[in-house]
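Chemist: show me the folded form of this:
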Amino acid sequence: MLQITNLNKTYGDHHALKGLNLTVNKGEVFCLLGQNGAGKTTTINISLGFLAPDSGEVLINGKKVGKDGNDTRRHIAYIPEVVMLYANLTAVENLDFFSKLAGYSYDRKQLRDFLTDANLQSEAHEKRVGAFSKGMRQKVGIAIAIAKNADVILMDEPTSGLDPRATDEFTRIVKQLASQGKSVLIATHDIFNAVSIGTHIGIMKDGQLLHVVGADNISPEALQKLYLETI
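Modeler: Coordinates of the predicted model:
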């Protein structure tokens, strides 16, 4: 679903990405670890088409990001660290607006069903999102990804600032998306959640992917040791 090949990106004298190769197949959750400046966010921004690489390419369902424009963007959903929603609109109204931007139109019951699928409690569906917690805003973001029927979901620090209960709930939702065949790439600092949520875990440093391990084959303690040795 998501294939990154020999990706390079520089900002002046700074090499943000150096020959990055990464694949996230259908039903996989790839967690990308690394310090600030390792290249995680640059990888996501190029995959979204927000940045152009100096060389290399990103393919979504076999189509090149950037070249195919809207044809690739309609297959991607993005959930940033803080999901940007319209504070004066309700959860249903936000979902309706962003679904229509993506070319989809749903009735109110369908919109509420998407929010329920994202585990947003029913009593919050018709409330303005300005008073929502971060976890609740993320659920609206996940509902948008579901409504958009995105094959690839990119997330940047999604568990930052969440309490343990919200993190556990978020983990269950992402695993459910993967079980439905979605490809999920998560940039994160959360080592313990990476083992819990991921199928594969990569460690980046200075724009390079130095290690890739299967989440089933490593403990949080062993991953932390490898991470500290790498950075």
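Chemist: the nearest residue to Gln208 once chain neighbours are set aside: how many residues sit nearby?
Modeler: Counting by Cβ to Cβ, 6 or more residues apart in numbering, Gln208 lies nearest to Lys18, which is 5.0 Å off, once chain neighbours are set aside. Where you see a C-beta, it was placed from the backbone N, CA and C, and this is true even at glycine. A count of nearby residues for Lys18, using other Cβ atoms under 10 Å, gives 15.
Chemist: ok, now which ones touch Lys18?
Modeler: Applying Cβ atoms under 8 Å, 6 or more residues apart in numbering, we find Lys18 in contact with 8, 206-208.
Chemist: so what's the backbone phi/psi at His200?
Modeler: Main-chain torsions, His200, degrees, to the nearest 10: phi -140, psi 150.
Chemist: for it, which non-adjacent residue is closest in space?
Modeler: By the measure of Cβ to Cβ, 6+ apart, the closest residue to His200 outside its immediate chain neighbours is Phe30, 4.9 Å from it.
Chemist: surely the one you found is within a strand?
Modeler: Yes: membership of Phe30 in a strand is supported by DSSP: H, G, I helix; E, B strand; the rest coil.
Chemist: off-centre distance for stretch 125-137?
Modeler: Relative to its parent chain, stretch 125-137 has a centroid offset of 20 Å by Cα atoms, centre = their mean, to the nearest Å.
Chemist: and that stretch, what's buried?
Modeler: For stretch 125-137, the neighbour count (16 or more other Cβ atoms under 10 Å) marks 125, 128-129, 132, 134-137 as buried.
Chemist: what do you get for stretch 207-215?
Modeler: For stretch 207-215, the buried set under the neighbour-count rule, 16+ other Cβ under 10 Å, comprises 207-209, 211, 213, 215.
Chemist: which one of those is nearest to Glu169?
Modeler: Using Cβ to Cβ, the shortest approach to Glu169 within these belongs to Ala215, at 19.0 Å.
Chemist: any idea how far Thr10 is from Gly62?
Modeler: Plainly put, Thr10 is 27 Å away from Gly62 if you go by Cβ to Cβ, to the nearest Å.
Chemist: who's more crowded, these two?
Modeler: Thr10 (14 against 9).
Chemist: residues near the residue nearest to Ser179 when sequence neighbours are not counted, how many?
Modeler: Nearest residue to Ser179, sequence neighbours excluded (Cβ to Cβ, 6+ apart): Gly27, at 7.0 Å. When neighbours are defined as other Cβ under 10 Å, Gly27 has 15 of them.
Chemist: I'd say Gly27 and Val184 touch.
Modeler: No: contact status for Gly27 versus Val184: not in contact, 9.1 Å apart, counting by Cβ atoms under 8 Å.
Chemist: which neighbours do those two share?
Modeler: With Cβ under 8 Å, 6+ apart, Gly27 and Val184 have common neighbours Ala178.
Chemist: helices along the chain, start to end?
Modeler: In the chain, the segments counted as helices under DSSP state H are 40-47, 70-73, 91-101, 108-117, 134-147, 164-179, 191-197, 220-230.
Chemist: of those helices, which is nearest Val82?
Modeler: Of all these, helix 134-147 sits nearest to Val82, with 7.0 Å by Cβ to Cβ.
Chemist: and for that closest one, what's in contact with it?
Modeler: With Cβ under 8 Å, 6+ apart as the test, helix 134-147 has contacts from 77, 79, 82-83, 85, 91, 94-95, 98-99, 102, 104, 106, 111, 114-115, 117-120, 124, 129, 132, 153, 158, 161-163, 166, 169-170, 173, 177.
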